[in-house]
Each structure stands twice: as structure tokens, then as C-alpha cells.
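**Q** give me a 3D structure for the following:
(chains A and B)
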Amino acid sequence: MSIVSSLQKCTAAGLSALFNQSFTEKDFQVNQTKPEFEGDYTVVMFSLVKSLKLSHNAIGNQLGDHLTKNYPQFFSKYNIIKGFLNLTVSDAYWVDLLNKNHNDTCYGKKAMNGKKVMVEYSSPNTNKPLHLGHLRNNFLGWSVAEILKASGYEVIKSCIVNDRGIHICKSMIAWQKFANGATPESTGTKGDHFVGEYYVKFNDAYKKEVDELVAAGKTKEEAEKESPIMKATQQMLLDWENGKPEVIDLWKKMNSWVYAGFDVTYKRIGSDFNIVYYESNTYLLGKGIVQQGLDKKVFYQKEDSSIWIDLTADGLDEKIVQRKDGTSVYITQDIGLALQKYEQYKIDQSIYVIGNEQNYHMKVLQLICQKLGMPNADNIFHLSYGMVELTTGKMKSREGTVVDADDLVDEMVATSKQHTEELGKVKDFTETELKELYDTIGLGAMKFYLLRVDPKKTMVFNPQESIDFHGFTGPFVQYTYARIKSILRKVDSSLLMVDSKDVPNQDVSSMNYDPSTMSLLKLEKDLIIAAEQYPSMIEQACTEHNPSVIANYVFHLAKTFNSFYTEHSIANAETSAKKQLRVQLASITANIIKSGMGLLGIAVPERM
RNA sequence: GGUCCGGUAGCUCAGUUGGAUAGAGCAUCAGCCUUCUAAGCUGAGGGUCAUUGGUUCGAAUCCAAUCCGGAUCACCA
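**A** Residues are numbered from 1 along each chain as shown, chains lettered A, B, ... in the order given. Have a look, this model is predicted:
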């Protein structure tokens, strides 16, 4: 249990005993004590003054006495300033915590809880390569999955590939018309980029045709309808739906190019999936459900035989779920897939990592599932994240301002190479080690940069800032880790106990100090306090589905360590007791950094 | 127009179950490498928490109104 929880419980129990009324943790507030006051944690007593009709001082004195007397293992002393009861946690508590956990690589993680969660993320279109926005999605999805695992959930990562539809046909038509049989191999182009080029070519050709038709006297609307290339594309979509062999062959061929390209990118950025759904397989799902919905009168049919749901009572609009020609719309297959996911895995929760532009759509989806009485409908959760904008404004493909994912990764890795070479600290690395290090730092910087911001918020991508490796960045945290590992390599490893997850309750008689009498310097204590908070940070990140909680925390921990490191020597500590204590401190810090960065999908180097 | 989200230092962001003098990083300025990795540390300056009103012992945080920005409201996906 965290010290904050302990304090809340002890305070509630203490108040109940002292004042003969029942109190719970909600009746008062516990905060970390502000640095300008003495103490570690603070009970705010203003809310108690009214119910008890006593002064702060009276309450504070009685409660402070009670806590220090009855829980000396937690609290050593207290002071009262205005309505704030500041408690000092005893050094013995901190030291004991350090002893028990300093070499536990699973510190902060929970045992399996038997619950199953699906995290759907990434979900690309097969007509263009991944861009910066996809990166935020991928990093978020992967990290949230890790955070859920650390919190005891079994996680199934899924991906729905948007591999069919009019937009896919656009790049197919353009390839037929303009490629002269060119392939990724023949042009030496990565498959997804290759296909993306034809998607662009389609739009150029289409625009040209429309302009010409408009110049010939048509209205814009007419021109858009009559454009030959668009008509050909629509015909191709029909041919695809009818299974016309040469169209299917072309579709398969071009998609396979895209997948080959995606595989490379996914491998590079670390995305992976337990199950991949393809829209070409799922787009007919949900049609049966539409019929059932009609029978249940959740849906209704209009005269033209299109099928709708009326959501006006829920503050939304009417929504079509099946066209008059009997074909399904986007949301129909989503309903079908939602049910399939549940039937396939019996998941307790279904998380969708999708941008906030689809907030309305996801609200409608969940509402429909609920009205249909689907078993998992209440456990659909839309992890809605904000768009990534540039300092110059939004990314616009038409204006060519889209930041390509592969290019960005390459730039970040190149920058990390350049910085590393300038510093000249790794001259003895082999070529392979160097390459791995550049990847670790470059990708670490990028992931940290995108994950450090609250997912819900729109964020600005500043290229200069993103390649800064100082301050609140991934490389800063990685560097702190490498410094600690450098020290730990040099000191006697017997100062650390073996990993306590392997050998619980091991003999501590070889300790160089007595944990019950060891006193802590301020910077030592600050570091243990920070380390103690890691488990509750994982909890918070999990309930909020928010990796930025971890990013902010890990940065804070690293910063706290660096202050400690500059001020006090570990290897040459004043006494052997202090040396062991500090080695343990370094160890727990390194373990948490590695673990926390791992939750963000970021590797840490042993040396840099 | 309806609905939803946001507005905190020059810039990028924390902080919102209401608590003490609103915090980081970048940028600017001033210091610190013969001692465990200076991708580091220490310090300084920088704020009408969009505005106005309300709730109360106490509001960046809760409520209302207003202003500004964004998203969305397709027989597109």
C-alpha cells in the first residue's frame, strides 16, 4: 500500500476513534507537503473544522499525537500551520521500502486480475504511408496496452486495416493509367510510399479533368460527377464488389506492396498486433444485426427501404445504418466487428484508439450497441486523442505539409547519431552497437515527445524542439539510466540483493547498516519518495488511459536522481553504510526508469 | 445554427475528487567539469491561469454568461 493510502486510512481511523464519529478518506484531503514547509505529506483540515466544531490547532494536535504515537512505523513527527497538518514520514519507513524493492524489476506492477481487454489501434488505410498523426496513435495504443498489462490485464492488441473502398480504387486506377507496369522493386521505392504516389497522381489527374470540364462550361458539381477517371474508379469499386478477377488481382498485388512497406515501419517503431482485421472481410458484418435490430424495433425502415436509427432522444441525430440499395455503411461494419471481437475473445473491455474527429461516430456506435443490447456495449471505450499540428498549422496533404513517419524516424535517428558523435563518448562501440544506440535514442526521443502530452489534447509538433535532447525529453531520461548503470557496473554487486521477485524474504543480515536507525539526507529522501510513487503512477495512468502520466513521472524521477547524483557521491560515499544505501537508491531508480520507459515503448541504453 | 473539446510564462506543456507564495522544459541571463558520463547540476528574470460575475474559510480547478480557437453534425470512410 502506498504511504498516501496508509496515511488516509490511519487518519480516518484516528479521527473516528478520537472524535467518536465515523470518518472516511473522503472527509479530508491528503497532499504532498510543499517544499517550503517541514514534512512529507499533509492532511488538510479545513473540512474537518466545521463538522467537529473545533479549531485547526485542536484537531491537528490531537490527530498529530495520535498518528505519531500509534503509527511510529509511519510517522515520526508533525507540525501544524494554519489548517495544515504536516507529517514527517519516518526514515525507517523509507529505508525499509528501499530495502524491499531496490532490486525488484517488477516493482509497481500488479499480478494478473483475470480480466481481458482489447486495444484496437493504428488502423491504417492501404492507400498511403503512415504519417505523424499515425505515430501518435501507434505509440499511444502500444503504451496503453503495456500499462494495462502492468495493471494486471490480459491485453489483446488489434488493428483494423481499411483495405477496400473508393479511396483504394483511386490508387489502383492511377496505377493502371500511369505506371506502365512499374513496381516498388523496379523503382526501388518502399511499397506504401509507391502506392501513395499513385493516390496523389489520381488526385492530380482528377483535379485536372474537373478543371477542364469546368472550363468547358460545366458546373463544378457536374464536372466532379462526369470526370472520366472518377467514373472509372466507381466502376472499379463495383467490379471489386462483384469479384472481377483482374480487379481483385490488382487489388491484392497493390495491397501486398503496402503491407510490405507497413511491416518495415511497424517493425521499426515497435508496433505489433495479436489480431489484424481487414475491412475487406468485415465490411459485410453487421447486416444480420441490422435485420435483428429491425425486428427489435431499434431500427426503422423508410419508404425508400433505407434503414435508420433515431437518436434524437439521446441528443443526437438520426443515423443511417443501411442504404436503400441494401449495402452497408461504415458504422454497420463497426457494429458487426464490435460483436465479433466480443464473441471471439469474450473481452471485458474494448478500447478504440481513434482521433477525436470521430468522437461523434464513436458515441453513436456505442449507443447503437447499447440499444441492441449487445453484451459488451457498456465496456466500449473510445480513447480519443487530439490531432498533431505543426507550428505552421494543420498538416494538409493537399499542401504537402504532411510529415511522413518513415522520414521522421530517419531524421530522428540521424540527429541522434550526430549528437552522439559530437559528444564522442562511445568511441569503443562496434558498428552494430552504434546503430542500435542511434535507434534507441532517436526513437526514444520521438516516442517521448509524442507521449509526454495528455492524449486528449491537440498538440503542436515543433521540429526543432522534437530533436532537442535536453530537458524534458526521452534522451535525458535515457542518459540518467546510462549514468546509473555505469556506476552499478563499477561497484560490488553484493551491495544489492538478488531480484526480490526471484528470491522473496531473503536474508538481510549481510546489510552494512541497520535500516531502523539509518538517517536520510534530503536528496536521498526525495529520491525514495519519488520511487515510492511509481506504483500509484501506473494505477493513475491505467485508469486515465494516459501514458503522459508515466512520461512526466519518469522525467521527475530522473531529474530528482540527477540532483542527488551531483551532490552526493555513490561509489565514494562517506561510510560503507551510506554507500550501500546509495547503491540501492541508484538501483531502484534505474529499475523504475527502465520499467517506466518500457511502458512507453522506449528502450534504455546501458551506455551512451 | 446544434453538440462536444480546448484557452495557464515569449514558445511547448504540467497542475482541475477546490487548499499554503500557480510548476517544468525550451529560449534569455549568471555560475559549476584534475573527483561515479556536463545529453548533467545550481541560480535569476519571466503570469490579469481568455474575460466578467457567482458559489465559500479558500477557485487555475466548481457554476453561469461572454470572447477566441478547434472538431463534428454525409445514403464518405
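**Q** next up, phi/psi of residue A:514, please.
**A** phi -100, psi 110 (degrees, to the nearest 10).
**Q** burial of it, as a residue count?
**A** Taking other C-beta atoms under 10 Å as the neighbour definition, residue A:514 ends up with a count of 10. Backbone N, C-alpha and C define where each C-beta goes, glycine included.
**Q** now swap in the one 4 residues further on and tell me
**A** Neighbour count of residue A:518, defined by other C-beta under 10 Å: 21.
**Q** let me know the helix or strand that it is in.
**A** Assessed by DSSP states H and E, residue A:518 sits outside every helix and strand.
**Q** the stretch 201-350 of chain A against RNA strand B: which residues are in contact?
**A** The interface of the stretch 201-350 of chain A toward RNA strand B, taken as C-beta under 7 Å from any atom of the strand, is made up of A:279, A:302, A:304, A:306, A:315, A:317, A:320, A:323-325, A:329-331.
**Q** and with 6 Å instead?
**A** Residues of the stretch 201-350 of chain A found near RNA strand B (C-beta under 6 Å from any atom of the strand) are A:304, A:306, A:315, A:317, A:320, A:323, A:324, A:329, A:330.
**Q** how much space between the residue nearest to the second one when sequence neighbours are not counted and residue A:89?
**A** This points to residue A:306. Counting by C-beta to C-beta, 6 or more residues apart in numbering, residue A:324 is the residue found nearest to residue A:306 once chain neighbours are left out, at 4.1 Å. According to C-beta to C-beta, to the nearest Å, residue A:324 and residue A:89 sit 69 Å apart.
**Q** also residue A:452?
**A** Taken as C-beta to C-beta, the spacing of residue A:452 relative to residue A:89 amounts to 29 Å.
**Q** more neighbours: which of these two?
**A** residue A:89 (24 against 19).
**Q** who are the contact partners of that one?
**A** A:3, A:40, A:41, A:74, A:75, A:76 (C-beta atoms under 8 Å, 6 or more residues apart in numbering).
**Q** scan these and report the most crowded one.
**A** Using other C-beta under 10 Å as the neighbour definition, the contacts of residue A:89 reach their maximum at residue A:75, which records 25 neighbours.
**Q** just the helices in the stretch 451-600 of chain A please.
**A** For the stretch 451-600 of chain A, the helices defined by DSSP state H, counting those that start in this stretch cover A:463-466, A:474-490, A:522-532, A:534-544, A:548-567, A:576-599.
**Q** flag every buried residue along the fifth one.
**A** The neighbour-count criterion (16 or more other C-beta atoms under 10 Å) identifies A:548-555, A:557-561, A:564-565 as the buried residues of helix A:548-567.
**Q** residue ranges with poor pLDDT in the stretch 351-500 of chain A?
**A** Under the criterion of pLDDT under 70, the regions of the stretch 351-500 of chain A flagged as low confidence span A:497-500.
**Q** enumerate the residues of it near RNA strand B.
**A** Counting by C-beta under 6 Å from any atom of the strand, the residues of the stretch 351-500 of chain A that sit close to RNA strand B are A:356-361, A:416, A:419-420, A:423, A:425, A:441, A:453-454, A:457, A:459-460, A:462, A:465, A:468-472, A:475-476, A:479, A:482-483, A:486-487, A:490.
**Q** first-to-last residue distance for stretch A:113-129?
**A** In stretch A:113-129, first residue to last residue: 38 Å (C-alpha to C-alpha, to the nearest Å).
**Q** that stretch - what's its average pLDDT?
**A** Averaged across stretch A:113-129, pLDDT comes to 95.
**Q** what do you get for stretch A:328-340?
**A** 92.
**Q** chain center to that stretch: distance?
**A** Centroid separation between stretch A:328-340 and its chain, computed with C-alpha atoms, centre = their mean, to the nearest Å, is 25 Å.
**Q** what of stretch A:228-245?
**A** With C-alpha atoms, centre = their mean as the basis, stretch A:228-245 stands 39 Å off its chain's centre.
**Q** could you dump that stretch to PDB, C-alpha only?
**A** Coordinates of each C-alpha in stretch A:228-245 appear next as PDB, following Å, rounded to 0.1, in the frame of the first residue of the first chain:
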ATOM      1  CA  PRO A 228     -13.800  10.100 -66.600                       C
ATOM      2  CA  ILE A 229     -11.200   9.000 -64.000                       C
ATOM      3  CA  MET A 230     -13.700   9.200 -61.200                       C
ATOM      4  CA  LYS A 231     -16.200   7.300 -63.200                       C
ATOM      5  CA  ALA A 232     -13.600   4.600 -63.900                       C
ATOM      6  CA  THR A 233     -12.900   4.400 -60.200                       C
ATOM      7  CA  GLN A 234     -16.500   4.000 -59.300                       C
ATOM      8  CA  GLN A 235     -16.800   1.300 -61.900                       C
ATOM      9  CA  MET A 236     -13.800  -0.400 -60.400                       C
ATOM     10  CA  LEU A 237     -15.300  -0.400 -56.900                       C
ATOM     11  CA  LEU A 238     -18.400  -2.200 -58.400                       C
ATOM     12  CA  ASP A 239     -16.100  -4.700 -60.100                       C
ATOM     13  CA  TRP A 240     -14.300  -5.300 -56.900                       C
ATOM     14  CA  GLU A 241     -17.500  -5.900 -55.000                       C
ATOM     15  CA  ASN A 242     -18.500  -8.300 -57.800                       C
ATOM     16  CA  GLY A 243     -15.200 -10.100 -57.500                       C
ATOM     17  CA  LYS A 244     -14.000  -9.400 -61.000                       C
ATOM     18  CA  PRO A 245     -10.800 -11.400 -61.200                       C
END
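**Q** now render the contacts of residue A:89 as JSON lines, adding distance to RNA strand B.
**A** Conversion of the contacts of residue A:89 to JSON lines gives the following (distance: C-beta to the nearest atom of the strand, whole Å):
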{"residue": "A:3", "distance to RNA strand B": "14"}
{"residue": "A:40", "distance to RNA strand B": "10"}
{"residue": "A:41", "distance to RNA strand B": "8"}
{"residue": "A:74", "distance to RNA strand B": "17"}
{"residue": "A:75", "distance to RNA strand B": "14"}
{"residue": "A:76", "distance to RNA strand B": "17"}
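**Q** of the residues you listed, which is the nearest to residue A:65?
**A** Residue A:65 has its nearest neighbour among the contacts of residue A:89 in residue A:75, at 10.5 Å by C-beta to C-beta.
**Q** close enough to count as contact, the closest one and residue A:87?
**A** Yes - contact between residue A:75 and residue A:87 holds when scored by C-beta atoms under 8 Å: they sit 5.0 Å apart.
**Q** anything in contact with each of those two?
**A** A:7, A:67, A:68.
**Q** which residue is the nearest non-sequential neighbour of the residue of the stretch 1-150 of chain A found nearest RNA strand B?
**A** Checking the stretch 1-150 of chain A residue by residue against RNA strand B with C-beta to the nearest atom of the strand singles out residue A:46 as nearest, at 3.0 Å. If the residues on either side of it in the chain are set aside, residue A:46 comes closest to residue A:83, at 4.4 Å by C-beta to C-beta, 6+ apart.
**Q** tell me who's in contact with the one you found.
**A** By C-beta under 8 Å, 6+ apart, the contact list for residue A:83 reads A:44, A:45, A:46, A:49, A:56, A:60.
**Q** where does the fifth one land on pLDDT?
**A** The reference is to residue A:56. Residue A:56 is assigned a pLDDT of 88 by the prediction.
**Q** residues contacting it?
**A** If you count contacts by C-beta under 8 Å, 6+ apart, then residue A:56 has A:45, A:46, A:49, A:80, A:82, A:83 around it.
**Q** does stretch A:588-595 reach RNA strand B?
**A** No - under the criterion of C-beta under 6 Å from any atom of the strand, stretch A:588-595 makes no contact with RNA strand B; the nearest approach is 11.7 Å.
**Q** contacts for that stretch?
**A** Contacts of stretch A:588-595 (C-beta under 8 Å, 6+ apart): A:98, A:101-109, A:477, A:480-481, A:484-485, A:488, A:527-528, A:531, A:534, A:554, A:557-558, A:561, A:604.
**Q** same deal with stretch A:191-199?
**A** Here stretch A:191-199 makes contact (C-beta under 8 Å, 6+ apart) with A:126-130, A:167, A:170-172, A:174-175, A:178-179, A:183-184, A:187, A:189, A:254, A:256-262, A:265, A:404, A:406.
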